[in-house]
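Colleague: Give the three-dimensional model of this entry:
(6 chains)
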4 protein chains.
Amino acid sequence: MVNAEKSRPGSGLPSTTLTLPSDEPTAAALITAAVEVMATQGYHGTSVRDIAAAAGTSAAILYHHFGSKQELLAILLDRGLDMLVMATEQALDLAGDDPADRLRAIVDAHVRMHLEAQRESMLGNSELRSLDPGSLRVVVAKRDVQQRIFERVVRDGVRRGVFTAPHPEDAARFVTTACTAVATWYRPDGPLVPDEIVRRYQEIALDAVRYHR
Amino acid sequence: MVNAEKSRPGSGLPSTTLTLPSDEPTAAALITAAVEVMATQGYHGTSVRDIAAAAGTSAAILYHHFGSKQELLAILLDRGLDMLVMATEQALDLAGDDPADRLRAIVDAHVRMHLEAQRESMLGNSELRSLDPGSLRVVVAKRDVQQRIFERVVRDGVRRGVFTAPHPEDAARFVTTACTAVATWYRPDGPLVPDEIVRRYQEIALDAVRYHR
Amino acid sequence: MVNAEKSRPGSGLPSTTLTLPSDEPTAAALITAAVEVMATQGYHGTSVRDIAAAAGTSAAILYHHFGSKQELLAILLDRGLDMLVMATEQALDLAGDDPADRLRAIVDAHVRMHLEAQRESMLGNSELRSLDPGSLRVVVAKRDVQQRIFERVVRDGVRRGVFTAPHPEDAARFVTTACTAVATWYRPDGPLVPDEIVRRYQEIALDAVRYHR
Amino acid sequence: MVNAEKSRPGSGLPSTTLTLPSDEPTAAALITAAVEVMATQGYHGTSVRDIAAAAGTSAAILYHHFGSKQELLAILLDRGLDMLVMATEQALDLAGDDPADRLRAIVDAHVRMHLEAQRESMLGNSELRSLDPGSLRVVVAKRDVQQRIFERVVRDGVRRGVFTAPHPEDAARFVTTACTAVATWYRPDGPLVPDEIVRRYQEIALDAVRYHR
DNA sequence: GATGAATGAGATTTCATTCAT
DNA sequence: GATGAATGAAATCTCATTCAT
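Modeller: Purely as a prediction, here's the structure:
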């Protein structure tokens, strides 16, 4: 059984690698397939057979790698959030000291992740309700971690007088949710490339926290 | 949304316009029940019997009032969007001429609707995928109407030099999506009452479009 | 849903009628079919489809009448034990005062029931383990009732000096279990007809409790 | 039965003859595990994985030692009956010439075996139906051998005028089935120890065949 | 108009068994 | 000899929907 928390301690690999291929190729194929088809049809609208077919295997194989359809979803969402939080923290590490740069960095990481992993993002927004209580708690906790990062960056900027938003937490939430929502409207064949979306959202986010240029 | 029994304190709008009571009380009860249970379990995770039970009737009755489970969902989402658009347009009618007031008005309408009809909002965000193509087209079109209202208000403000957002469409989308997302985090027992959320979001929205006070 | 405990209060019907046809013919057919096929293949060796096919319907229909395969088994065994206890008590009512006659009466009822309802008897002996704890408690309790009837008759005979078994409870258990076991070896085409088996078992039972002729 | 680690206090028989340790310890462990878990859940209710897990190995290992789940069950029941018949015959060999002593001896062996190997006994009573026809024939034949031993002992006693049962075969069956049934009600924490049960059943059996003291 | 029975398709999950390593 | 992955069949149960009454 694949367990997501099997982190690779001491591994020097740069975690910027956004795909975390499992050691077991079949399990990885199943996860990829599940993301694809669940994002389109929803958790309950997707049958185990659908997932297996999309991964090129049989339904019984899925149960060889995952305890249940539920567990597959939980691992899916958990990994996605791990990647999001890791990318955001890493961006912050590289961002230097300027509050504006720091906000730009986490907006970049957050928006880019939701553009690149559009389907995981939509799953994360709509299928939390399909999780068992235990997994839900874990996932919500990691979601909160990400939200706290944004709050911290905004509050730091305010404390240092660089941002003057009167309600830093609300501004942070405003920004986070808008940045998450890119996954709901972005189309690869649309007018804006991801780089440009990121740039524009960075500036709007700075406006939203009252950064005075 | 349908049969929204809460009046909205502090809003000058007559709330009678926001309730669209069906002529047939059973149909209305079914819609209310469907919103309640589908918001929790999703469209595919909700059985026709679940809906009927929550409405206090039988599954067969549901088929007297709606052609199918699909149709019930389509009517549900369509009504919700109608109410959202109507409320927003009405707010704009009463808003006067000042671009800041106009933006404040539509943020008020949009946020308040998503706070009051939290469950419909979540359905609208997650279950578009469960619609048949025909209903999907209709609902997406109405969604676009709402989005256009925000774009128009922002662009007007920019044209008149009151807002200076360099990318009005993106700022409008930033604002709309953030305002929609209140439904995903608002809890009635949370620290902020709806009126206060609306006030704060109005100001952040004005910041996001670079309104210079 | 069929519920076994729906007794018909005030019904003047003679309960000697050993078949209790349900008001719902489909449910009755399913019970009959379940007895037949489960007695041959066991509870877990019998599929819901097997039962439905033997009853001439579909598996889905079974779930219209019974909540689960478990519930069907529970109702089955419960009804069988009700019939056994009722028949035994009625035999006792008609038996008069003589301890020997009373023992003969309950041996007659018990043996005859296990010969006539051979398959139910075998189910009752082997599939108690397949019951959920709640149903198991009920069924075991009714089994005990039957056992207590035998104990009481034997003890009464001993108290009145007609039987002289030194260990009345053990003799009663010896007799009951031997009488129950007729279902395990009886074949309708065997050398003895039920009447003759009953007669011989009555006499052996009287020997086992030391009835002195 | 296999690996019956309890020695039998008060029995003069050397208990080494009752354990048939398999040459292969894994096979023995699998048989022991199968008895344990099948007695609780039945043959069809027990999966090969259940058995393997209870034996501390894997399902694949089971197929190294047994051709199939069926074969395992057949071997199980066959060994159990071998031990029962052997113990009974050995008891008879040691019993001397007196018919009462001989009946006491076989009741002792039979009852004691069904108390000690309670689970095998229950399997033997309920899972004959799960055997393939070939194995069933073998097992039923051995069952008959045991039954014939009881019939012979009773008939001999009658022929010599020590017992006066009018129907020796029926009395023998009455006794055998009652003695077998101890496995269905005996609980180790019950009021009677096996020695006492054996003593009382010996006397009741003598009564059932009309042994006049 | 309302209801309980019916139904075929399909859902998730488990099974006994095999096979490559 | 031992093991984990694989697999097709089949298990229990639920579903949206229809229809006679």
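
Colleague: Would you check the distance separating the longest helix along chain A from the middle of the chain?
Modeller: In chain A, assigned by DSSP state H, the helix with the most residues is helix A:133-159. Going by CA atoms, centre = their mean, to the nearest Å, the spacing between the C-alpha centre of helix A:133-159 and its chain's C-alpha centre is 12 Å.

Colleague: Give the buried residues for it.
Modeller: Judged by neighbour count (16 or more other CB atoms under 10 Å in any protein chain shown), helix A:133-159 contains these buried residues: A:135, A:138-139, A:142-143, A:146-147, A:149-151, A:153-158. Placement of C-beta: from N, CA and C, glycine included.

Colleague: Same check on stretch A:81-97?
Modeller: Buried, per 16+ other CB under 10 Å, within stretch A:81-97: A:81-88, A:91-92, A:95.

Colleague: Give the rounded mean pLDDT of it.
Modeller: Taken as a whole, stretch A:81-97 has an average pLDDT of 96.

Colleague: Return the residues of chain A in contact with DNA strand E.
Modeller: Contact residues, chain A versus DNA strand E (CB under 7 Å from any atom of the strand): A:46-50, A:59-60, A:63, A:68-70.

Colleague: Any idea which residue is closest to the centre of chain A?
Modeller: A:Leu84 (4.0 Å; CA atoms, centre = their mean).

Colleague: what about it, distance to DNA strand F?
Modeller: Using CB to the nearest atom of the strand, to the nearest Å, A:Leu84 is found at 28 Å from DNA strand F.

Colleague: can you tell me which residues contact that residue?
Modeller: For A:Leu84, the contacting residues are A:109-110, A:113, A:146, taking CB atoms under 8 Å, 6 or more residues apart in numbering or on different chains as the criterion.

Colleague: could you dump those residues to JSON lines with distance to A:Gly124, secondary structure and pLDDT?
Modeller: Formatted as JSON lines, the entries for the contacts of A:Leu84 read as follows, by distance: CB to CB, whole Å; DSSP: H, G, I helix; E, B strand; the rest coil; pLDDT from 0 to 100:
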{"residue": "A:Ala109", "distance to A:Gly124": "15", "secondary structure": "helix", "pLDDT": "98"}
{"residue": "A:His110", "distance to A:Gly124": "12", "secondary structure": "helix", "pLDDT": "98"}
{"residue": "A:Met113", "distance to A:Gly124": "11", "secondary structure": "helix", "pLDDT": "97"}
{"residue": "A:Gln146", "distance to A:Gly124": "11", "secondary structure": "helix", "pLDDT": "98"}
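
Colleague: nearest to C:Leu131, of the residues you listed?
Modeller: Looking at the contacts of A:Leu84 and their distance to C:Leu131, the nearest is A:Gln146, at 49.7 Å (CB to CB).

Colleague: Name the nearest residue to the closest one, ignoring sequence neighbours.
Modeller: Taking CB to CB, 6 or more residues apart in numbering or on different chains, and ignoring the residues beside it in sequence, A:Gln146 has A:Val85 as its nearest neighbour in space, at 5.4 Å.

Colleague: Just say helix, strand or coil for the residue nearest to the centre of chain A.
Modeller: Following DSSP: H, G, I helix; E, B strand; the rest coil, A:Leu84 is assigned to helix.

Colleague: What distance do you get for it to chain C?
Modeller: Between A:Leu84 and chain C the computed distance is 43 Å (CB to the nearest CB, to the nearest Å).

Colleague: Check A:Ala59 too.
Modeller: Taken as CB to the nearest CB, the spacing of A:Ala59 relative to chain C amounts to 19 Å.

Colleague: Identify the residues contacting that residue.
Modeller: With CB under 8 Å, 6+ apart as the criterion, the residues that contact A:Ala59 are A:48-49, A:52.

Colleague: Quick one, which of the residues you listed are buried?
Modeller: The neighbour-count criterion (16+ other CB under 10 Å) marks A:48, A:52 among the contacts of A:Ala59 as buried.
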